[in-house]
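J.: Here you go, sequence then predicted model.
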Amino acid sequence: MDLITLLKNVFLQKKLVFLVTLAVTLIAVCYSFLVTPQYKINAVLRPAAINELDALNRSEIYQLPPADALVKVGEALESYDTRLAFFKANQRLFARFVRPGETLEQSFEAFNRNSIQLTLPDPNKKDALSDYIKLEMTYPKGIDGVAILNGLVDYAIGTEREQISADVNVIVQNRLRELQGKFDSARSNYNVEKEAKIARFREADSLKRAQLQDELKALRAQLKALRSDRIFQLNEAIGIAKTLGIQKPATPSSFGESDKAGAGSVIRTEVNNQQIPLYFMGVEALKAEITALEQRRSDDFTDPRVAQIAKELQLLATNREIEVLSARKNEDVFLAGVESLRAEMTRLSNLSTDMSTLKLVTIDQQALEPVAPSKPNRLLIMALGLFGGAVLAFFIALTRIMVVTGSAPRVDEDITSSSRVRGDVKSTSSAKPNLSQIS
């Protein structure tokens, strides 16, 4: 195609080119000013300081490193349920997103799909600087995007605080129930051991009491038998003493010299290592002893063992160890091996499960009101409109040339042919309206 000829022919339609370019440019300008401006804001979250989570981690029941806390908040921000709950709880902020005939869930779906984008750190990067969460929001003019984005961040953090508080509370209650179960088991074992100990004491006392009573009964029977035997011995000795004529107590030596008369008083000392027979006591003394033995009502005083048995029976009447065991008021202090359980229960009972002040993440950058819309870019749209209008005008002019001439000029034609074509165009122009007039 003869480019010079083509440009000359296009130049002949400069008014058309100008008008088309101007029209497209005006359309682009109108679009850039009439389209609803779109704004973009973002918020950046980073891990909290270690000391912010130290109290929770030192509780020994819940471990939450700062990086894990950041991930939990990021999961909450990405959660559909969290966003929907925030949408329902703050319908005033989302009034522009609610469309007639649609449910809240449908309106929220459009907002959630097109407005908010969450950027998570690259898991392949181990650099601490890569630990962040970026939340971007694009919204049209007339929407309080700053309040929505910051409110969503606060809502997600609050939701995670409540979840952690609920988790800690459940863990504490479960641990307390477990420790209480162990404590109750120790108390039950103690009660069983105490009852068994009391039963052993009572059994031992009953056995000892029965043995002492049997011994006392046997001892009394023995003493009674001994008393009867003594009476028989005394009766026998009385018979002998009567036969020998011994009325008063005497000794074998004095009995042998009783027939010898003595003028003076005689003091006699007798040493004898043999037991003197009873009949030497004389009839009177023997009868007096028999009378006393027959009048005796009890023989207990004759044997000290009887008094000892009575003493032991009196002691067995009350077991002080059983009384002390039964009189214990606070038996928990006597439980063995529960000191650690009691200390842990006290610690868990005093442990606070209120996480309302827990700082899970650090808000490195809050969403701020943008100074200019991110869309549309008016200069770019007008430049594209100008360029597009020019291109469109060129092709319209080229099309008109092809329609008028019937075909496009060829590159391999010589200058004469080109001149002939131009002459044909001019001759045609005499029969038809001028191209400039058409434009």
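T.: Noted; the coordinates are in hand. Numbers count the residues shown, from 1 in each chain.
J.: hang on, residue 240 in a helix?
T.: Yes: counting by DSSP: H, G, I helix; E, B strand; the rest coil, residue 240 is located in a helix.
J.: Name the helix or strand for the residue nearest the centre of the chain, please.
T.: The chain has residue 171 as the residue nearest its centroid, 1.8 Å off, counting by C-alpha atoms, centre = their mean. With secondary structure defined by DSSP states H and E, residue 171 is part of helix 145-244.
J.: Compute the number of surrounding residues for residue 229.
T.: Residue neighbour count, defined by other C-beta atoms under 10 Å, stands at 10 for residue 229. Bear in mind the C-beta positions are built from the backbone N, C-alpha and C, glycine included.
J.: Which pLDDT value goes with it?
T.: Looking at residue 229, its pLDDT reads 93.
J.: where along the protein do the strands fall?
T.: 38-47, 116-119, 133-140, 361-365 (DSSP state E).
J.: if you average pLDDT over each of those, which comes out lowest?
T.: Across the strands of the chain, strand 116-119 gives the lowest mean pLDDT, at a mean of 79.
J.: sorry, back to before: is it possible to get TSV of the strands of the chain that adds distance to residue 21?
T.: Formatted as TSV, these follow (distance: least, C-beta to C-beta, whole Å):
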stretch	distance to residue 21
strand 38-47	28
strand 116-119	38
strand 133-140	31
strand 361-365	44
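J.: Same list, the ones you listed, but as CSV with mean neighbour count and distance to residue 218 please.
T.: Conversion of the strands of the chain to CSV gives the following (neighbours: other C-beta atoms under 10 Å; distance: least, C-beta to C-beta, whole Å):
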stretch, mean neighbour count, distance to residue 218
strand 38-47, 19, 90
strand 116-119, 14, 98
strand 133-140, 19, 96
strand 361-365, 16, 91
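J.: Looking at those, which is nearest to residue 400?
T.: strand 38-47 (39.4 Å; C-beta to C-beta).
J.: helices or strands up against that closest one?
T.: The criterion is 3 or more C-beta pairs under 8 Å, 6 or more residues apart in numbering; DSSP states H and E, and the helices and strands that strand 38-47 contacts are helix 66-78, strand 133-140, helix 145-244, strand 361-365.
J.: Apply 10 Å and report the result again.
T.: Here strand 38-47 is seen to pack against helix 66-78, strand 116-119, strand 133-140, helix 145-244, strand 361-365 when contacts are counted using 3 or more C-beta pairs under 10 Å, 6 or more residues apart in numbering; DSSP states H and E.
J.: mind checking which of the ones you listed is nearest residue 348?
T.: Closest to residue 348 of those is helix 145-244 (C-beta to C-beta; 5.3 Å).
J.: what's the angle between that closest one and helix 66-78?
T.: Here helix 145-244 runs at an angle of 120 degrees relative to helix 66-78 (axes from the mean of the first three to the mean of the last three C-alpha atoms, to 10 degrees).
J.: and helix 145-244 with strand 361-365, angle?
T.: Going by the same axes, to 10 degrees, helix 145-244 makes 170 degrees with strand 361-365.
J.: how far is helix 145-244 from where the chain is centred?
T.: Centroid displacement of helix 145-244 relative to its chain, using C-alpha atoms, centre = their mean, to the nearest Å, is 36 Å.
J.: Likewise for stretch 133-141?
T.: 36 Å.
J.: CA atoms only for that stretch - export them in PDB, please.
T.: Taking C-alpha atoms only, stretch 133-141 is exported to PDB below (Å, rounded to 0.1, in the frame of the first residue of the first chain):
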ATOM      1  CA  ILE A 133      -1.300  -9.900  57.600                       C
ATOM      2  CA  LYS A 134      -2.500  -7.300  55.100                       C
ATOM      3  CA  LEU A 135      -6.200  -6.700  54.600                       C
ATOM      4  CA  GLU A 136      -7.200  -4.600  51.600                       C
ATOM      5  CA  MET A 137     -10.700  -3.200  50.900                       C
ATOM      6  CA  THR A 138     -12.000  -1.600  47.700                       C
ATOM      7  CA  TYR A 139     -15.300   0.300  48.100                       C
ATOM      8  CA  PRO A 140     -17.300   2.900  46.100                       C
ATOM      9  CA  LYS A 141     -17.800   6.500  47.200                       C
END
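J.: that older thread, now for the closest residue to the residue nearest to the centre of the chain other than its chain neighbours: which residues touch it?
T.: The spatial neighbour of residue 171 that comes closest, neighbours along the chain excluded (C-beta to C-beta, 6 or more residues apart in numbering), is residue 61 at 5.0 Å. Listed by C-beta atoms under 10 Å, 6 or more residues apart in numbering, the contact set of residue 61 reads 167, 168, 171, 172, 174, 175, 347, 348, 351, 353.
J.: Let me know the pLDDT of residue 82.
T.: 90.
J.: typo on my end, it should be residue 34
T.: 72.
J.: Equivalent analysis for residue 240, please.
T.: As summarised for this prediction, residue 240 has a pLDDT of 90.
J.: ok, now how distant is it from residue 388?
T.: In this structure, residue 240 lies at 166 Å from residue 388, with C-beta to C-beta, to the nearest Å as the measure.
J.: Pull the contacting residues for residue 221.
T.: Applying C-beta under 10 Å, 6+ apart, one finds that residue 221 lies in contact with residue 299.
J.: ok, now which ones touch the closest residue to residue 331 other than its chain neighbours?
T.: Computed as C-beta to C-beta, 6+ apart, the closest residue to residue 331 that is not its neighbour in sequence is residue 190, at 6.6 Å. Taking C-beta under 10 Å, 6+ apart as the criterion, residue 190 is in contact with 331, 332, 334, 335, 336, 338.
J.: May I ask which of those has the most neighbours?
T.: If you rank the contacts of residue 190 by neighbour count (other C-beta under 10 Å), residue 338 sits at the top with 19 neighbours.
J.: wait, what's in contact with that residue?
T.: For residue 338, the contacting residues are 179, 182, 183, 185, 186, 187, 190, 332, 345, taking C-beta under 10 Å, 6+ apart as the criterion.
J.: List the contacts of the second one.
T.: So that's residue 182. Counted by C-beta under 10 Å, 6+ apart, residue 182 has contacts 337, 338, 340, 341, 344, 345.
J.: Now flag whichever of those is closest to residue 308.
T.: When those are compared for distance to residue 308 (C-beta to C-beta), residue 337 comes out closest, at 42.5 Å.
J.: Report pLDDT for the closest residue to the closest one other than its chain neighbours.
T.: Residue nearest to residue 337 in three dimensions, not counting chain neighbours: residue 186, with 6.7 Å by C-beta to C-beta, 6+ apart. In this prediction, residue 186 carries a pLDDT score of 90.
J.: Residue 186 contacts residue 341, doesn't it?
T.: Yes: counting by C-beta atoms under 10 Å, residue 341 is a contact partner of residue 186 at 7.3 Å.
J.: which residues do these two both contact?
T.: Each of residue 335 lies in contact with both residue 186 and residue 341 under the rule C-beta under 10 Å, 6+ apart.
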